[in-house]
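In: let me see the structure of the following:
(one chain, ligands or ions: 1)
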Amino acid sequence: MAQNGSQSYNGSSESVETRLFINGEFQPASGGKTFSLVNPFTRESVAEVSEASEEDTNKAVAAAKAAFPAWRDLSPSDRGAYLHKMAALIREHNDEFARLESLSTGKPVSMYIDAGAAAETFSYFAEAGWTVQGTSSLNTPGHLGLLVKQPFGVVACIIPWNVPLAFFAFKIAPALAAGNTIVLKSSEKAPLTSTLAARLIEKVGFPPGVVNVISGFGTPAGSTLASHMDVRCLSFTGSSVTGQKIQTAAAASNMKVVHLELGGKSPALIFDDADLESAAQQTQFSVQFLSGQTCMANSRIYVQESVAEKFLALFKEKFAAASLGNPLEKTTSHGPQVDELQYERVKSYLAIGEKDGKLSMGGDAKDGLFIRPTVFENVPEDSRIVKEEVFGPVVVINTFKTEAEAIEKANATEFGLYASVFTKDLDRAVRASKLLEAGTVGVNCTSPSKLNDLPFGGYKMSGIGREGYMHSLDAFLETKTIVIRASS
Ligand code: NAD
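Out: Numbers count the residues shown, from 1 in each chain. The predicted model follows:
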C-alpha cells in the first residue's frame, strides 16, 4: 500500500485520497508522516493517511489568508455557484461516502444520512449570501450611521468523527457564503470522507486556498489552528474537554472568536399521560442510533413511577430489536463502537453501572467492538454513569414521582444540549420547556429530531454559539459600524 496519495483500501481495487489538500493541491505531509486507519468491524487496515504537521497547518492557514481578499470580493451569486456545484457532486457520491464512513467508523450504511444533509446545506448556502445585510441610522444629528456585516478572514473548522461529512458542510458552507476562507481539520478517526470531499472541492474548481482540508491529530494540527494568530474564527464540534482546550488556546493567542458544539447527557422525561408506545420507540432510537455515538442521545430517561414498568417493557422490546452485524450490509442497524479506545471507554462505564445500579439488559457483546443496547436501572443520581457522557448505546432509566422532581433531576448536570418531555398536558409541556436547561427541548419528540432553520447548540458545558441556517451565517460574520459625518 502506498504511503501517500491515492491508494487502494481495504483490499479493494478502488482508490481513495489520503493526502492533505493545501492551496488547491493534494500533497503528502511535510515529513511524509502518516497514520493508520483501522476498520473497527474487520480490524483490518483501511488506509495510511497523511498526518499534518505544524508546518503543514501553517501552510494551509497562509494559503487561506492569501486567497481571502479575492474570495471576499466576489458577489454572493459567484460564490454561490461553487456551492451549488459542490451540493450536486456530494449527491452523486452518496454511496461512496457511505462506504468510506462505514469502513472507517463502523457506521451502518443503512443509517447513512450525512451526504444528504451535507448536500442540502450546500444548496441552502449557495443562495443565502445575498441575505447578509445590515441596518442604517439617521438618529444622531449630522451623521449617517451604517451597520455592515463582513467576513472574518481565515476560519478554522475542527470536526469530530461521528457525522463528519455533515459537520464538514454545516461549517464550511455558511463560512464560505459569508466570504471567509477555510482550513478544515478532520478527525483522525474519520479522515476519508473529508479527503473525498476535498477531491470534490478540487473538481468544482474553487480558487486555490479558499478551502484547505487537512487530516491529523489534535496535536499538532488542531492545537496549531487553535493558537494561530492568523485564524480569526474557529468553529469546533467535539468533546467538552477538547472545547475547553481550544477556548484556552484561543484566549492565550489572539482571542479569536470560538464556536463550540460540545457533548451532552440529555434527559428525556416520560410522564404518566404520555403516549408510551411512541415515547419508547423514539427514546430507544435516540440512544441506539449510531451505536449511541451521538452528542444529543437521550442517555438519561426519567419515567413517572406509575408507568415505569409498562414503559420499560416497551422500551426494552424495541431497543433489543437492533440488528448487530456487518455495517456494510443493508440489514444492519447497529455497528461496532468506532475503535478500541471508544469500546474500552464504554466498557469502563458498564463496570460503573454494574457497581452502582442494576444492569437490566445488554452489556458487552463480547464479539469484536460491539456493545449491545444496554439499560441500567436504579442508579444513584450521583453515579458517574448518570453524570458523564458515555457515547455508547447505554441508557440509565430512573423514576420520579412529581414534575418538580423530574425537572430537578434533568437539570442536575453540567451538560445542556437537548432535553425532551413526553406528556399530553400542554400546560406541563410549556412549564417544562421553560425550565429545562438545554439548547433544544423536544415536546413529544426527542433527538435526533432537529430543525434546520432554528438554532442548535448547548447550554452550560454543551457549548457556546448556535448552528442552523441563518444563525450559522451570522456566526461567521463580523459587525462593523460606519459613521459618516454630513452637514445638513
Ligand atoms: P474530540 O474532542 O476527541 O475530537 C474532536 C476533534 O478535535 C478532532 O478532530 C480532534 O482531532 C480534535 N482535537 C483534539 N484535541 C485537540 C486540541 N487540543 N486542539 C484542537 N483540536 C483538537 O471529540 P470526538 O471524539 O471526535 O467526538 C465526540 C464528541 O463530540 C462527543 O463529546 C460528542 O458529544 C461531541 N459532538 C458534539 C456535537 C454537537 O453538535 N454538540 C455533535 C457531534 C459530536
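In: every contact and neighbour count from this point should use C-alpha atoms.
Out: Will do.
In: what kind of secondary structure is P160 in?
Out: coil (DSSP: H, G, I helix; E, B strand; the rest coil).
In: pLDDT score assigned to it?
Out: pLDDT, P160: 98.
In: which strands or helices does the lengthiest helix in the chain pack on?
Out: What stands out as the longest helix in the chain, according to DSSP state H, is helix 54-72. On a contact count with 3 or more Cα pairs under 8 Å, 6 or more residues apart in numbering; DSSP states H and E, helix 54-72 meets strand 20-22, strand 154-158, strand 181-185, strand 211-214, helix 223-226.
In: could you give the angle of it to strand 154-158?
Out: Relative orientation of helix 54-72 and strand 154-158, computed by axes from the mean of the first three to the mean of the last three Cα atoms, to 10 degrees: 130 degrees.
In: what are the buried residues along helix 54-72?
Out: For helix 54-72, burial by neighbour count (16 or more other Cα atoms under 10 Å) applies to 54, 56-68, 71-72.
In: how about residues contacting it?
Out: Residues from elsewhere that reach helix 54-72 (Cα atoms under 8 Å, 6 or more residues apart in numbering): 22-23, 29-30, 79, 151, 153-154, 179-183, 207-212, 214, 220-221, 224-225, 230-231.
In: repeat that with 7 Å
Out: Contact with helix 54-72 is made by 22-23, 29-30, 153-154, 179-183, 208-212, 220-221, 224, as judged by Cα atoms under 7 Å, 6 or more residues apart in numbering.
In: centre of the chain to that helix, how far?
Out: 24 Å (Cα atoms, centre = their mean, to the nearest Å).
In: is there proximity between it and the ligand?
Out: No. Under the criterion of Cα under 6 Å from any ligand atom, helix 54-72 makes no contact with the ligand; the nearest approach is 11.8 Å.
In: what's the next secondary structure element after that helix?
Out: Where DSSP states H and E defines the elements, the next helix or strand beyond helix 54-72 is helix 76-92.
In: buried ones in that next one?
Out: By 16+ other Cα under 10 Å, the buried positions in helix 76-92 come out as 76, 79-80, 82-91.
In: hmm, which two among these are most spread apart?
Out: With distances taken as Cα to Cα, the most widely separated pair in the buried residues of helix 76-92 is P76 and R91, at 22.5 Å.
In: and what about the nearest residue to K318 once chain neighbours are set aside, helix, strand or coil?
Out: For K318, ignoring the flanking residues on the chain, the nearest one in space by Cα to Cα, 6 or more residues apart in numbering is Q281 at 6.5 Å. The three-state label given to Q281 by three-state DSSP is helix.
In: Q281 - how many residues pack around it?
Out: 16 (other Cα atoms under 10 Å).
In: is stretch 210-227 anywhere near the ligand?
Out: Yes. Counting by Cα under 6 Å from any ligand atom, contacts between stretch 210-227 and the ligand involve 217-219, 222-223, 226.
In: contacting residues around that stretch?
Out: Contacts to stretch 210-227, defined as Cα under 7 Å, 6+ apart, come from residues 20-23, 50-54, 57, 60, 64, 67-68, 156, 181-188, 191, 198, 231, 246, 249-250, 253.
In: show the average pLDDT along that stretch.
Out: On average, the pLDDT along stretch 210-227 is 98.
In: quick one: it to chain centroid distance?
Out: On Cα atoms, centre = their mean, the centre of stretch 210-227 falls 17 Å from that of its chain.
In: residues contacting G292?
Out: 391-394.
In: pull up the per-residue confidence for it.
Out: pLDDT recorded at G292 is 98.
In: show me where pLDDT drops low in the stretch 351-488 of the chain?
Out: Where the stretch 351-488 of the chain drops to pLDDT under 70, the residues are 488.
In: now do the phi/psi pair for K460.
Out: Backbone torsions of K460, given as degrees, to the nearest 10, read phi 50, psi -130.
In: pull up the gap between it and the ligand, please.
Out: Distance from K460 to the ligand, counting by Cα to the nearest ligand atom, to the nearest Å: 12 Å.
In: same thing with V395?
Out: From V395 to the ligand the distance is 15 Å (Cα to the nearest ligand atom).
In: again, but for T399
Out: Relative to the ligand, T399 is positioned 25 Å away (Cα to the nearest ligand atom).
In: residues touching that residue, list them.
Out: Shown in contact with T399 (Cα under 7 Å, 6+ apart): 302-305, 308.
In: which of those fall within strands?
Out: 302-304 (DSSP state E).
In: could you dump the helices and strands packed on helix 54-72 to a markdown table with mean neighbour count?
Out: Putting the helices and strands packed on helix 54-72 into a markdown table (neighbours: other Cα atoms under 10 Å) gives the following:
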| stretch | mean neighbour count |
| --- | --- |
| strand 20-22 | 29 |
| strand 154-158 | 27 |
| strand 181-185 | 30 |
| strand 211-214 | 29 |
| helix 223-226 | 25 |
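In: next, format the ones you listed as CSV and append distance to S104.
Out: Below are the helices and strands packed on helix 54-72 laid out as CSV (distance: least, Cα to Cα, whole Å):
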stretch, distance to S104
strand 20-22, 18
strand 154-158, 18
strand 181-185, 16
strand 211-214, 17
helix 223-226, 24
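In: select, out of the ones you listed, the one closest to A268.
Out: Closest to A268 of the helices and strands packed on helix 54-72 is strand 154-158 (Cα to Cα; 29.3 Å).
In: returning to what we had before: which of the residues of stretch 210-227 next to the ligand sit farthest apart?
Out: F217 and A226 (12.7 Å).
In: wait, L328 sits on S102?
Out: Yes. The pair L328 / S102 is scored as a contact, 6.5 Å apart, by Cα atoms under 7 Å.
In: the two: who's more crowded?
Out: Comparing L328 with S102 by other Cα under 10 Å, the one with more neighbours is S102, at 26 against 20.
In: which strand or helix spans that one?
Out: Using DSSP H and E, S102 sits within helix 94-105.
In: coming back round to it: out of the buried residues of helix 76-92, which comes closest to the ligand?
Out: Distance to the ligand across the buried residues of helix 76-92 (Cα to the nearest ligand atom) is lowest for I90, with 20.4 Å.
In: and the closest one, what does it touch?
Out: By Cα under 7 Å, 6+ apart, the contact set of I90 is 115, 119.
In: what about A190, is that helix, strand or coil?
Out: A190 is classified as coil under three-state DSSP.
In: quick check on it: phi, psi?
Out: With angles defined as degrees, to the nearest 10, A190 sits at phi -150, psi 60.
In: state the number of residues packed around it.
Out: 26.
In: is it true that it touches S104?
Out: Yes. If you go by Cα under 7 Å, A190 and S104 touch, sitting 5.9 Å apart.
In: can you pull the residues of the stretch 201-350 of the chain lying near the ligand?
Out: 217-219, 222-223, 226, 237-239, 242, 245-246, 261-264, 294-295.
In: try 5 Å this time
Out: Residues of the stretch 201-350 of the chain that fall close to the ligand, judged by Cα under 5 Å from any ligand atom: 217-218, 222-223, 238-239, 242, 261-263, 295.
In: please, where are all the helices along the stretch 101-250 of the chain?
Out: Using DSSP state H, counting those that start in this stretch, the helices of the stretch 101-250 of the chain run over residues 114-128, 164-177, 192-204, 223-226, 240-252.
In: ok so, going back, now, the most widely separated pair of the residues of the stretch 201-350 of the chain next to the ligand?
Out: Greatest spacing in these, by Cα to Cα: S223 and C295 (22.1 Å).
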